[in-house]
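Engineer: quick one, fold the following:
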Amino acid sequence: NAWDASWSQECWQLSQVPKGAVLQPMYALAGTDEDGAPAAAAPLELKVRVLFSKVIGATLNSHPRLLWVMPNGVIQVWNVEELADIGEMCTRKGQRSFRGASAGLIERLQKVLQADWSFVCRYSEYLTIAAGLDELRVDWLLGDSRWGPRIGELSYMAVG
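Structural biologist: Take a look at the predicted model:
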């Protein structure tokens, strides 16, 4: 029988995912805070924006409005007080207010970018061109010395 009952309840995209489970090794967590405690329960995730086949910058998944990674890999950290004053507060589910990043997180991001930024840019641009797209967001997991940079998700934001 080719019919599945879930098709009447889920969108067609979800119905195309085969049933089952995928097992994969755990990627390294984002690091530690000033006290040495785990800073996040997730890997360091960088959302890289590609426009017309060129990386235009990136943001951290955990701190999307705190910093911007420039195309050359330089980190622009925004002034948290100024953002709060103009109402640019983080509104993501599960985050109560805008929060700054620890110095350790910025330092770790700098080290990862020094090691992997050219690779991340090259392959993000390659994927966009190979797919024939004018824009793409490529979410990268970074900072694991064993597994290296890994793509977590691709997002095409076309409107219309």
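
Engineer: so what does the longest helix along the chain touch, helix or strand wise?
Structural biologist: Longest among the helix segments of the chain by residue count, using DSSP state H, is helix 103-130. Contact here means 3 or more CB pairs under 8 Å, 6 or more residues apart in numbering; DSSP states H and E; on that basis helix 103-130 packs against strand 44-51, strand 54-60, strand 67-69, strand 75-77, strand 135-142. To be clear about C-beta, it is placed using only N, CA and C from the backbone, and glycine gets the same treatment.

Engineer: of all those strands, which lies closest to residue 8?
Structural biologist: strand 135-142 (31.2 Å; CB to CB).

Engineer: what residues are up against the closest residue to residue 59 other than its chain neighbours?
Structural biologist: Leaving aside its sequence neighbours, residue 59 sits nearest to residue 47 (CB to CB, 6 or more residues apart in numbering; 5.2 Å). Contact analysis of residue 47 by CB atoms under 8 Å, 6 or more residues apart in numbering lists 58, 59, 60, 61, 64, 137, 138, 139, 140.

Engineer: which of the residues you listed scores worst on pLDDT?
Structural biologist: Among these, residue 64 has the lowest pLDDT, at 84.

Engineer: how near is that residue to residue 130?
Structural biologist: Distance of residue 64 to residue 130, computed by CB to CB, to the nearest Å: 27 Å.

Engineer: those two: which is more packed in?
Structural biologist: More crowded of residue 64 and residue 130, by other CB atoms under 10 Å: residue 64, with 13 against 9.
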